[in-house]
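Student: let me see the structure of the following:
(one chain, ligands or ions: 2)
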Amino acid sequence: MLGYASPKKVVVLGIQGAGKTSVVERVKDVYGASTRGLRPEQIISTVGMNIAKAPAGVNLPVELIFWDLGGAFGLRGIWESYFKDADACAYVVDGADEGSLEESMVELERALRNAEFGKAMPVLVLSAKSDLSGPEGLEMVRASCDDVFARVDGTASKRSRRVLAVNANTGLGLRPAVEWLAHELTSSEPSLLSSLFSF
Ligand SMILES: Nc1nc2c(ncn2[C@@H]2O[C@H](COP(=O)(O)OP(=O)(O)OP(=O)(O)O)[C@@H](O)[C@H]2O)c(=O)[nH]1
Ligand SMILES: [Mg+2]
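Tutor: Ligands and ions are numbered 1, 2, ... in the order given. Sure, this is the predicted structure:
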């Protein structure tokens, strides 16, 4: 079919307070969706699901739909019901809180090992709160995630993954992260150009 690929669904996971909703609210601002994102002081801990769309456009080859779920301990059991229909995962980690890193990695590993979580599903890890942590936060998150992915996926992994820093209050770092995901999700699909000549 001619045109953009069909929308891709991104399940947004991470423990409570990591910064998931803040990231998703900035997606609404940055990608000009019809509703503006909530300001940081308006955001409360998520219980249901918060949805944001980043329409296809310049630098975004496909529309992305983000499913932001609650990360409180008692809500994490809901995560797995979204794995089967998700095309990608954005895993948000508080890069400024070394104390929560272990719990965060336990939950990342649990998700990756879930039978419904696609073995080749791309994973974008966002090290949030880059304004509070500096580059050490990103390095800490990257090193921990490398261990988890190596343990779960092994060396023959087909999964693409990336760990990037973001300030979820201002949106700094968000565009390269979202665009990486969009390109990963379309790189194996026929391009617009090739669809023009496929008759
Ligand atoms: N300074 C700073 N604060 C942030 C950043 N991202 C999130 N926060 C703050 O961290 C707190 C928790 O952010 P949320 O976005 O609600 O976290 P969450 O992961 O959605 O949490 P749950 O919904 O409880 O799972 C809020 O007070 C945010 O303002 C960031 O990049 N920088
Ligand atoms: Mg939330």
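
Student: who are the packing partners of the helix or strand where P176 lies?
Tutor: Using DSSP states H and E, P176 maps to helix 174-186. If contacts are counted by 3 or more Cβ pairs under 8 Å, 6 or more residues apart in numbering; DSSP states H and E, helix 174-186 sits against strand 5-13, helix 20-30, strand 62-69, strand 88-94, strand 123-128, strand 161-166. All C-beta spots, glycine's among them, are computed from the backbone N, C-alpha and C.

Student: relative to strand 88-94, how tilted is the second one?
Tutor: With axes from the mean of the first three to the mean of the last three Cα atoms, to 10 degrees as the basis, helix 20-30 and strand 88-94 are set at 120 degrees to each other.

Student: can you list the buried residues in helix 20-30?
Tutor: The neighbour-count check on helix 20-30 (16 or more other Cβ atoms under 10 Å) flags 20-29 as buried.

Student: now, among these, which is nearest to A5?
Tutor: Closest approach to A5 among the buried residues of helix 20-30 (Cβ to Cβ): V27, at 18.5 Å.

Student: and the closest one, what is it in contact with?
Tutor: 33, 37, 52, 54, 66, 174, 178 (Cβ atoms under 8 Å, 6 or more residues apart in numbering).

Student: roughly how far does it sit from K20?
Tutor: To K20, V27 is 11 Å away according to Cβ to Cβ, to the nearest Å.

Student: cool, and Y82?
Tutor: According to Cβ to Cβ, Y82 stands 13 Å off from K20.

Student: between these two, which contacts overlap?
Tutor: Common neighbours of Y82 and K20 (Cβ under 8 Å, 6+ apart) are L69.

Student: any weak-confidence spans in the protein?
Tutor: Residue ranges of the chain with pLDDT under 70: 1-4, 33-34, 188-199.

Student: residues near Q42, how many?
Tutor: Here the count is done by other Cβ atoms under 10 Å, and Q42 has 9 residues near it.

Student: let me fix that, I meant to ask about G171.
Tutor: Count around G171 with other Cβ under 10 Å applied: 17.

Student: quick one, what contacts it?
Tutor: By Cβ under 8 Å, 6+ apart, G171 lies in contact with 26, 29-30.
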